[in-house]
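Undergrad: Structure for the following, please:
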Amino acid sequence: MVPCSSTKQNLKCNSDCAIKKRNARLAEAFGIGEKHDTPGGKTAWSEELVGYASVSANARFVKSMEGTLADFATSSRRTQVLSHMPPERRKFVQALAAVYRMDTTLVDQEPHRSVQLIRRIDTRVPSPLLSQV
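TA: Okay, here's the model as predicted:
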């Protein structure tokens, strides 16, 4: 639509527009997204994750999960089930895995509930790591 015109007109999509639309559809179909990255390629960490990691009692767990996720991201495995953990830690791991572009699902019953990591085509290790922010 042309906002300065008194009549409403739809503008036609040119070749650049068509390419962007196609790429967006492909990215959506493959689950590829850049929502955690800034224009400079650095990871934009959510306040919730930074807050959790800044608590000194959680520092060791955060570093441990970063190592586990990085090992999984660089391995040839398609899935990995983590050891059981409390609900607060599971929530953190699921949010952290999303930044690594991994899917997650919960397995087992309470109190032995675990997070299963599932590799995606765009799984990667973010930079900088959460523990470095």
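Undergrad: where in the protein is pLDDT low?
TA: Scanning the chain for pLDDT under 70 picks out the ranges 1-11, 27-40.
Undergrad: can you do 50?
TA: Across the chain, no stretch falls below the confidence threshold (pLDDT under 50).
Undergrad: Do I have it right that Gln94 meets Thr104?
TA: Yes - under the contact definition of CB atoms under 8 Å, Gln94 touches Thr104, with a separation of 4.7 Å. Where you see a C-beta, it was placed from the backbone N, CA and C, and this is true even at glycine.
Undergrad: what touches both of those two?
TA: The contact sets of Gln94 and Thr104 overlap at Val115 (CB atoms under 8 Å, 6 or more residues apart in numbering).
Undergrad: residues in contact with stretch 50-57?
TA: For stretch 50-57, the surrounding residues in contact (CB under 8 Å, 6+ apart) are Asn58, Ala59, Val62, Phe92, Leu130, Ser131, Val133.
Undergrad: quick one: Thr43 from Ser15, how far?
TA: For Thr43, the distance to Ser15 (CB to CB, to the nearest Å) stands at 33 Å.
Undergrad: Name the residue in those two with the higher neighbour count.
TA: For the pair Thr43 and Ser15, the greater number of neighbours falls to Thr43 (19 against 7), based on other CB atoms under 10 Å.
Undergrad: I'd say the more buried one and Gln132 touch.
TA: No - between Thr43 and Gln132 there is no contact under CB under 8 Å: 9.9 Å.
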